[in-house]
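Peer 1: Structure for this input, please:
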Amino acid sequence: MDIDTKEKVSEIRRLNDEFRTTFRGGKILFTASVAALPNMVKASALEKVAEFKDFNEANDPNGEHDFLKFEHCNREFIFSIVYYDKTLEWGSEDPADPNQTVRVGTLMLAADW
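Peer 2: Coordinates of the predicted model:
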């Protein structure tokens, strides 16, 4: 599968933005260090993820909106989206097809990366 076509990248970006802003259509995970943070910090960090719009060539070279970094509550956070098949066992063969892809977003501290 060629995911580098403009149409595929555009659809992947649309699906990633929809998932990132609504948290629907996939799963959200926290690393252990994020899970240990107070609930208020986790909730407000997820709000930052949903509101993030500062994608550019430097932080989004593939144009998929699948990775972002931000400062919040004196911490540096990272949110990353990975594409899995419906069984969550393998990578998705076509991340542009929501019928065969589950998006998994992980919120972590930059130190976890």
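Peer 1: May I have the beta-bridge partners of the closest residue to Ser44 other than its chain neighbours?
Peer 2: Of all residues not flanking Ser44 in the chain, His72 sits nearest, at 6.8 Å (CB to CB, 6 or more residues apart in numbering). No exception for glycine: its C-beta is placed from N, CA and C like everyone else's. Note on His72: beta-bridge partners Arg75, judged by DSSP bridges.
Peer 1: looking at it, His72 is touching Lys48, isn't it?
Peer 2: Yes: judged on CB atoms under 8 Å, His72 makes contact with Lys48 at a distance of 5.3 Å.
Peer 1: Comparing these two, which shows the higher neighbour count?
Peer 2: Lys48 (16 against 13; other CB atoms under 10 Å).
Peer 1: in whichever strand or helix holds that one, what's buried?
Peer 2: Here Lys48, judged by DSSP states H and E, is contained in helix 39-51. Residues Val41, Lys42, Ala45, Leu46, Lys48, Val49 are the ones in helix 39-51 that count as buried (16 or more other CB atoms under 10 Å).
Peer 1: One more: stretch 101-112?
Peer 2: Buried-residue list, stretch 101-112, by 16+ other CB under 10 Å: Thr101, Val102, Arg103, Val104, Gly105, Thr106, Leu107, Met108, Leu109.
Peer 1: would TSV of these with pLDDT, distance to Leu88 and secondary structure be doable?
Peer 2: What follows is the buried residues of stretch 101-112, written out as TSV (pLDDT from 0 to 100; distance: CB to CB, whole Å; DSSP: H, G, I helix; E, B strand; the rest coil):
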residue	pLDDT	distance to Leu88	secondary structure
Thr101	98	11	coil
Val102	98	6	strand
Arg103	98	11	strand
Val104	98	7	strand
Gly105	98	13	strand
Thr106	98	13	strand
Leu107	98	18	strand
Met108	98	18	strand
Leu109	98	24	strand
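Peer 1: Would you mind checking which of these is nearest to Gly25?
Peer 2: Arg103 (6.2 Å; CB to CB).
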